[in-house]
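>>> Kindly return the folded structure for what I paste below:
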Amino acid sequence: MNEINLLAALEKFEQQLQPSLLTRVCDPFLQQRKIELWIKRDDLLHPIISGNKWRKLKFVLQHTLLNEKNSIVTMGGQFSNHLHALAYIGKVLDISTSAFVRGERPESLSPTLKDCHEWGMQLKFIARSAYRELRDVRKLPMQQINEYWLPEGGAVKYALQGVAKIIEEIDISYDVLCVPCGTATTLAGLVATAPDQKIVVGFAALKGRGFLEQNVDQLLAGNIMSNCSWVINHDYYFGGFAKTRPELINFISFFQQQTGIELEPVYTGKMLYGIYDLVKQGFFKTGQRIIAIHTGGLQGNRGFVNG
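Model (predicted):
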């Protein structure tokens, strides 16, 4: 399939996506504190490529095809939503995909990697030390002329164009945008396009301060449109990436029962736990309207069957 046909196939796929609704959370706890919380339901976009995974990939895929690349090489962990989404769209568009996977090959693949393998993604397991080196652009593996290198989590500037569509779709006034952060690419995209006087709050899903802020600064370098205030909260990572605690699992269960909105404990669950806790602490001003971005990734719940 040539590039023109692939671009047409990409456009056809996008036309099949479902609307990302805005849903208000009607909770007496929030009403008592005069806080409005709305969820931007990006988890509804597609049953497999949901949330920020599609947002970040759309313009990367366009750039790949326009530059006559027919193979994408990337990296991720054994439960990576990024790998899962890329493998699927690679199969749909007949684009070759391969990934460096963190850690030794397990005796049995995770549900995520099983899907990736079935969809044709080539998996290359590497030691954690070698994986960390891949984050350094000076130590990238040699690429073939037809290969496109896509960093961990799809963290490239083309991803910001897709995230910007979230802002365009919000048709109500608001004061604060909240989003979970893995690489902080989605946060950077929101900061780049959010109107003046808005506040964007990221919730770190993993341990460690400084590098997420650095990622945002690098992605926003040269962006003159970034005039909103932003901050990353590091208080709700619950021990590290993909780690949980009973209070988080209990909150997710409570929230799902109250709202009917499914969450996962890696990203959106942690963000919403943090929002509720910050409301309790009086962090948000009375009368503020908060929009929280549901970044999808519900396939990752298969890794928490005992959670």
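
>>> Would you map out the domains in this structure?
3-48+162-304, 53-154 (automatic domain parsing).

>>> pLDDT (mean, whole number) over the shortest one?
The reference is to domain 53-154. Throughout domain 53-154, pLDDT has a mean value of 91.

>>> one step back: make TSV from the domains of the chain and add mean neighbour count to it.
Bear in mind the C-beta positions are built from the backbone N, C-alpha and C, glycine included. Converted to TSV, the domains of the chain look like this (neighbours: other CB atoms under 10 Å):
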stretch	mean neighbour count
domain 3-48+162-304	18
domain 53-154	18
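
>>> where along the stretch 201-307 of the chain do the strands fall?
Using DSSP state E, counting those that start in this stretch, the strands of the stretch 201-307 of the chain run over residues 229-233, 289-293.

>>> Against Ala85, how distant is Glu247?
For Glu247, the distance to Ala85 equals 29 Å [CB to CB, to the nearest Å].

>>> residue contacts, the nearest residue to Asn301 once chain neighbours are set aside?
Nearest residue to Asn301 in three dimensions, chain neighbours excluded: Glu264, at 5.1 Å (CB to CB, 6 or more residues apart in numbering). Contacts for Glu264 (CB atoms under 8 Å, 6 or more residues apart in numbering) come out as 252, 297-298, 300-301, 304.

>>> of those residues, closest to Thr286?
Distance ranking of the contacts of Glu264 against Thr286, using CB to CB, places Ile252 first at 26.8 Å.

>>> What separation do you get for Asn301 and Leu37?
Taking CB to CB, one finds Asn301 at 22 Å from Leu37.

>>> so Glu147 touches Val73, yeah?
Yes: Glu147 is within contact range of Val73, at 5.3 Å (criterion: CB atoms under 8 Å).

>>> mind listing what the most centrally placed residue in the chain touches?
Residue closest to the average C-alpha location in the chain (CA atoms, centre = their mean): Asn52, at 4.3 Å. The contact partners of Asn52, by CB under 8 Å, 6+ apart, come to 42, 163, 179, 185-186, 293, 295-296.
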